[in-house]
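Visitor: Take a look and give me a structure for this.
(one chain, ligands or ions: 1)
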Amino acid sequence: MAEEKKAQIGVTGLAVMGANLARNLARHGHTVALHNRSVEKTDALLAEHGDEGDFIRTETLQELVDSLEKPRRILIMVKAGAPVDAVIDQLVPLLDADDIIIDGGNSHFPDTIRRESALAEKGLHFVGVGVSGGEEGALNGPSIMPGGSAKSYESLGPLLEDISAKADDGTPCCAWIGTDGAGHFVKMVHNGIEYADMQVIGEAYELLRDVAGLEPAEQSKTFADWNQTELSSYLIEITAEVLKQVDAKTGKPLVDVVVDAAGMKGTGTWTVMSALEQGSAVTAIAESVFARALSSTERETRLEAQETLAAGVRENDTVGDEAFIEDVRRALYCSKLVAYAQGLDMLRTASEEHGWDLKLDVIASLWRAGCIIRAELLQDIMAAYKDGASPRNLLFAPAFRDVIEEYLPSWRRVVVEATERGIPAPVFSSSLAYYDGLRRPRLNAALTQGLRDYFGAHTYGRIDAEGTFHTLWSGDRSEVQTS
Ligand code: 6PG
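Guide: So this is what the prediction gives:
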């Protein structure tokens, strides 16, 4: 009797991301075993797309496990959190040593670290994989950020690289990121940057609307033009698309009938939480998360604020000013750069803390295509970190330092204009404050230290001596060295 055909990989959880990754794998010639808690989804996928490649239909996890070649590779595509643990718990008794469980959802990296360690004790591999690119990317080539053991990547890597997006030079947008939760951590920071990237676009849109007086359709053209400049990126490209969309029901620009309250699923918040824990100043990312939170403040509170809070703004004299539009473009570029610089700096710090040895040039490389933050500037970011080069901050890389120097007056003008016109531009302004904070020779933190020492004897350092010092504020105000 002929050997029953085995699958190279199994996918459990066939909502749109799982289904599209399964189809992508099958389209690349891999035999894919399919499983879903309710078999209807499996059958619907097979009915609609069964002819795209070799699929094996399974109804139970046992059937899924039995249908796979060894070592088995099982991709879990269920909602992050408890559902992932539930599937793992059901799978583990069915597996053999060296089998690989892959979690392709947006799981929180501490969960991934915990799961990896628990499964390693049982001789199993657990690989947390960051997948970016949305539904379309999952089907046609996402950017893939796998963590887990280096050994698991030997077996899994070729498959993932095969279905990943490819950069213009043909490099797969998939590479082993580092052990345990490294892949999910990098995906989390990717999402933090994604939040900031969208927020700076939003700030530019609001300024173009309320200062330059551009209608959405005109703005669509502006963003399309900007996409031909160094701002060229997926998010700018789709901004032009969204802004030109007309609402079928009202005939108005769609953006004008969408409720101005931004949702979020949590990855941006996690990025900021981790940044706070590790002491990384990701101000642009944090302001983006807070901007979404503010937009979602109860409607009644916003209505009351509109009625009761003074605006105190200057009259608009900037309508139709081409120079201002170019200023906004430049401010957008600088702020976007700061967001990427902060995200990468956070990765550098986390790499040391977790012993991940993250390669920032590789990470920049695999963000070049497939993912949501893909952008032309990633090519220069990659170059800035090439061959182990490690600028202390991305903003110091000559390619960026020089452009910022040129664009700085525009950036400052836009922040002033926004402030005077009462238009919130939290990432434009906080990025500029970060930039100035980095470069200023004396920060006001010296006074903060003095205050902390005054009320709490928290001590301070001196610019002219080693050690820590305390002033006897309630005594004779002399200084003592405490260490
Ligand atoms: C991606 C996206 C994707 C998803 C985010 C956004 O890289 O493909 O980041 O993972 O769109 O979860 O989530 P929010 O709902 O928090 O904006």
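
Visitor: Could I get the full set of strands for the protein?
Guide: Using DSSP state E, the strands of the chain run over 9-12, 32-35, 55-57, 73-76, 100-103, 125-132, 143-146, 460-462, 465-471, 479-481.

Visitor: ranking those by burial, who's on top?
Guide: strand 143-146 (a mean of 30; mean count of other C-beta atoms under 10 Å). All C-beta atoms are positioned from the backbone trio N, CA, C, and that covers glycine.

Visitor: for whatever residue of the chain ends up closest to the ligand, which residues make a bridge with it?
Guide: Nearest to the ligand in the chain, going by C-beta to the nearest ligand atom, is residue 132, at a distance of 3.1 Å. Note on residue 132: beta-bridge partners residue 143, judged by DSSP bridges.

Visitor: For it, give me its contacts.
Guide: 142, 143, 144, 145, 187, 190, 191, 367, 370, 371, 372, 373 (C-beta atoms under 8 Å, 6 or more residues apart in numbering).

Visitor: Give me the pLDDT for it.
Guide: pLDDT, residue 132: 97.

Visitor: The residue lying closest to residue 151 once chain neighbours are set aside: what's it in contact with?
Guide: Spatial nearest neighbour of residue 151, excluding adjacent residues (C-beta to C-beta, 6 or more residues apart in numbering): residue 125 at 7.1 Å. Going by C-beta under 8 Å, 6+ apart, residue 125 touches 71, 98, 99, 100, 101, 119, 148, 149, 151, 152.

Visitor: In this structure residue 39 contacts residue 59, no?
Guide: Yes - because the distance of 5.3 Å satisfies C-beta atoms under 8 Å, residue 39 is recorded as touching residue 59.

Visitor: So what's the residue count around residue 48?
Guide: 11 (other C-beta atoms under 10 Å).

Visitor: Next one: it relative to residue 139, how far apart?
Guide: According to C-beta to C-beta, to the nearest Å, residue 48 stands 13 Å off from residue 139.

Visitor: what do you get for residue 287?
Guide: Residue 287 sits 33 Å away from residue 139 when distances are taken as C-beta to C-beta.

Visitor: likewise residue 349?
Guide: 35 Å.

Visitor: Who has more neighbours out of the two?
Guide: residue 139 (21 against 15).

Visitor: Could you tell me which residues make contact with the more buried one?
Guide: 20, 21, 23, 24.

Visitor: and it, what pLDDT?
Guide: pLDDT at residue 139 comes out at 98.

Visitor: and if you look at residue 390?
Guide: Reading off the model, residue 390 has pLDDT 84.

Visitor: Equivalent analysis for residue 99, please.
Guide: 97.

Visitor: ok, the nearest residue to it once chain neighbours are set aside - contacts?
Guide: Leaving out its chain neighbours, the residue that sits closest to residue 99 by C-beta to C-beta, 6+ apart is residue 72, at 4.2 Å. Applying C-beta under 8 Å, 6+ apart to residue 72 gives the contacts 10, 65, 95, 96, 99, 100.

Visitor: Could you rerun that using 7 Å?
Guide: Each residue near residue 72 by C-beta atoms under 7 Å, 6 or more residues apart in numbering is listed here: 65, 95, 99, 100.

Visitor: what do you get for residue 182?
Guide: 147, 356, 358.

Visitor: Same question for residue 100.
Guide: Residues near residue 100 by C-beta under 7 Å, 6+ apart: 71, 72, 73, 125, 127, 152, 155, 156.

Visitor: Longest helix in the protein, please.
Guide: helix 322-354 (DSSP state H).

Visitor: Report all helices and strands that it contacts.
Guide: In terms of contacts (3 or more C-beta pairs under 7 Å, 6 or more residues apart in numbering; DSSP states H and E), helix 322-354 is packed against helix 182-210, helix 267-278, helix 283-295, helix 360-366, helix 398-421, helix 426-439.

Visitor: Buried deepest among those helices, which one?
Guide: helix 182-210 (a mean of 26).

Visitor: average pLDDT across that one?
Guide: Helix 182-210 comes out with an average pLDDT of 98.

Visitor: relative to helix 426-439, how tilted is that helix?
Guide: On the basis of axes from the mean of the first three to the mean of the last three C-alpha atoms, to 10 degrees, helix 182-210 is oriented at 110 degrees to helix 426-439.

Visitor: Any idea how far helix 182-210 is from the middle of the chain?
Guide: 8 Å (C-alpha atoms, centre = their mean, to the nearest Å).
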